[in-house]
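A.B. asks: Please find the sequence and the predicted model below.
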Amino acid sequence: EVQLLESGGGLVQPGGSLRLSCAASGFTFTDYGMCWVRQAPGKGLQWVSAISGSGDRPWYADSVKGRFTISRDNSKNTVYLHLNSLRAEDTAMYYCGKGTHPTAIFPYDWGQGTMVTVSS
Amino acid sequence: QAVVTQEPSLTVSPGGTVTLTCGSSTGPVTGGHYTYWFQQKPGQAPTTLIYDTFNKHSWTPVRFSGSLLGGKAALTLSGAQPEDEADYYCLLFYGDRGIFGGGIRLTVL
């Protein structure tokens, strides 16, 4: 059974940083691209970032490019999202997703999410 | 940047059929957009219903189907059940990124 467990969310001040983690189990981790999708309170879904199974190819939405960095540690079956220069509009639930193949950038399976609140 | 459009809301009667659509501001939606459809119920994480235009997740009920229709991606629900009341989102691929539609609130009434 595929399991995705996000962690690392919390309250951070504008301009601050945070690292989100997504621990994966139940599948061969390197065989799948992984992604992050966020949802601001009461709003719709927004695709944020993805990374290939090998970890050598990242993708980003324009709204986070240059501020967020995605990475993965295939020895730990974990994908990370490093959030820098945070703004109030980054406040959202952040979901981790597993793709359908090594360069898939969309979620086939989802985690339960971790909440990030950017506020002073 | 492209804009992905969905109807804001739809209502279907129990047992009825409804089609949700997903359009792109850049032109017709094609197989190259690798359309995904997601269902989200209040307070829950989204779940994937359809991927790559018409493929179903292992748990997708048979009453849901994906297609391309009139230049848009479409999600058809045949035989609506009360538990299908939810928000539905489409996601389109644009070369190096994904863009979600604004979501459709589907009411079963």
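C.D. replies: Received it, and whenever you're ready, just let me know what you need.
A.B. asks: State the distance from residue A:75 to chain B.
C.D. replies: According to Cβ to the nearest Cβ, to the nearest Å, residue A:75 stands 27 Å off from chain B. Placement of C-beta: from N, CA and C, glycine included.
A.B. asks: same check, this time on residue A:87
C.D. replies: 18 Å.
A.B. asks: which residues touch residue A:110?
C.D. replies: By Cβ atoms under 8 Å, 6 or more residues apart in numbering or on different chains, the contact set of residue A:110 is A:4, A:37, A:95, A:96, A:97, B:45, B:46, B:47, B:48.
A.B. asks: How about residue A:43?
C.D. replies: Residue A:43 neighbours (Cβ under 8 Å, 6+ apart): residue A:92.
A.B. asks: hang on, it is in a helix, isn't it?
C.D. replies: No - going by DSSP: H, G, I helix; E, B strand; the rest coil, the assignment for residue A:43 is coil, not a helix.
A.B. asks: OK, now which residue of chain A is nearest to chain B?
C.D. replies: With Cβ to the nearest Cβ, the shortest gap between chain A and chain B falls at residue A:47, namely 3.7 Å.
A.B. asks: What residue in chain B comes nearest to chain A?
C.D. replies: Nearest residue of chain B to chain A (Cβ to the nearest Cβ) works out as residue B:98 at 3.7 Å.
A.B. asks: Quick check: chain neighbours aside, which residue is closest to that residue?
C.D. replies: Nearest non-adjacent residue to residue B:98, counting by Cβ to Cβ, 6 or more residues apart in numbering or on different chains: residue A:47, 3.7 Å away.
A.B. asks: What does the pLDDT read for the one you found?
C.D. replies: We have a pLDDT of 98 for residue A:47.
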